[in-house]
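A.B. asks: need a 3D model of the following:
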Amino acid sequence: NRPKTELNQTTSTLHFAQPTTRMAPLRSFDAFAKPIDGIRERSVSGGFITLLASATAGLLFLSQIIVYLQVQTRHSMHLADSVPSVLFNHADDPKKLLGHRIPLRVHVTFPHLHCGALDYAHDGNTLSSGKFEHYHKAPFTFTKRKPTSQEYKTAAMGGFSSNTALNQKRAEGCTLVGTLHVPRVGGTLSISVSPDAWRRATSLLSFGVDPSMDADPFHGKLPNVTHYIHDVTFGAPFPPGDNPLQSTHHVMDNGSGVALANVAVKLVPTTYKRTFHSAQETYQASVSRHIVQPETLAAQRSSLLPGLLINYDFTPLAISHVESRENWFVFLSSLVGIVGGVFVTVGLV
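C.D. replies: Purely as a prediction, here's the structure:
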């Protein structure tokens, strides 16, 4: 029992803290009744429960952040948009080509075929005939050059005793690199022995007659068209997927080195949307390949020359890859619910 004087002092203090008469009805709506500080009692068990609740709330808080940071990818398939193709008769007007062409990047090394004997073509327009340069003007064209040391080592799949031997061998090879802007329709890209070099090699082997007075670059043999595809990419790279036309060897191990690597490519239009990034239009490639032997080419009376032939086409279906995170307000409400729910639950114990 406290003294009367102390009770009177406490009563007067509480009375002084009472709200005004006009605000007094709001007390009936107070859901957070506050106990008097002098009546509160702290215990060891209460402290242990508080620490346990804090640790639980912290773990749940951390797990919720980890879940929020994880990216969810949604995949969907739909019909591709129809895009009218602008043909080569408008090639001199770049504005008419916007959205109608895609970049085709090529990087291929032929370790046993020098650049003078290498020809390439797109949709039948060959370099040797002059039509290729007519339709594909700089800077969107191909360039032939001597391979670098690393390119030649990768393509030839062999070690060299000295840099001198490597440099001598590099002069016998050729690397084709460049970018074309091709229409968004099916087409073909071929990289092969030039018609003159092929005619010369077959004439020399068949009849022992060389129609050219130059030195024989093939040393009395057929040209070896073994090659290494560093990279062939249609459109922008697709980060989540692998490019099947990258880091690929086509070894012609039939003794003569003469064959045709026939590669069929199906391009799937793909929309790739990352979190906090704009949507990116690209293509995924489905590839099938086989080596056509020279006997087959001869039996079919094919006009194709040994080398690399890429046939590509576009599928009518498109794929969307959308990366997203949980909504920020849902994440925030989950955090508040976790922390508040833990302490309210523990407070009921």
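A.B. asks: which residues touch stretch 307-315?
C.D. replies: If you take CB atoms under 8 Å, 6 or more residues apart in numbering as the criterion, stretch 307-315 is touched by 80, 108, 110, 184-193, 225, 227, 229, 232, 234, 245, 250, 260-269, 283. No exception for glycine: its C-beta is placed from N, CA and C like everyone else's.
A.B. asks: the helices in the stretch 1-150 of the chain, which residues?
C.D. replies: 4-17, 44-69, 131-135, 149-156 (DSSP state H, counting those that start in this stretch).
A.B. asks: go through those and name the closest to Gly340.
C.D. replies: helix 44-69 (8.9 Å; CB to CB).
A.B. asks: how far is the closest one from where the chain is centred?
C.D. replies: Distance of helix 44-69 from its chain centroid, counting by CA atoms, centre = their mean, to the nearest Å, is 40 Å.
A.B. asks: quick one: buried residues of it?
C.D. replies: Burial within helix 44-69, assessed by neighbour count using 16 or more other CB atoms under 10 Å, is assigned to Ala53, Thr56, Ala57, Leu60, Gln64, Tyr68.
A.B. asks: now do stretch 244-252
C.D. replies: For stretch 244-252, by 16+ other CB under 10 Å, it's Pro244, Leu245, Thr248, His250, Met252.
A.B. asks: ok, His122 touching Val182?
C.D. replies: Yes: if you go by CB atoms under 8 Å, His122 and Val182 touch, sitting 6.9 Å apart.
A.B. asks: low-scoring stretches of the stretch 51-200 of the chain, by residue?
C.D. replies: 83-99, 159-162 (pLDDT under 70).
A.B. asks: again, 80 this time
C.D. replies: 53-54, 68, 70-73, 81-100, 157-165, 168, 200 (pLDDT under 80).
A.B. asks: just the strands from it, written as ranges.
C.D. replies: 72-79, 101-110, 118-122, 125-126, 142-145, 174-183, 187-193 (DSSP state E, counting those that start in this stretch).
A.B. asks: and those as CSV, adding distance to His277 and mean neighbour count?
C.D. replies: Converted to CSV, those look like this (distance: least, CB to CB, whole Å; neighbours: other CB atoms under 10 Å):
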stretch, distance to His277, mean neighbour count
strand 72-79, 13, 10
strand 101-110, 20, 20
strand 118-122, 32, 22
strand 125-126, 37, 16
strand 142-145, 32, 15
strand 174-183, 24, 19
strand 187-193, 30, 21
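A.B. asks: okay then, goodbye and thanks.
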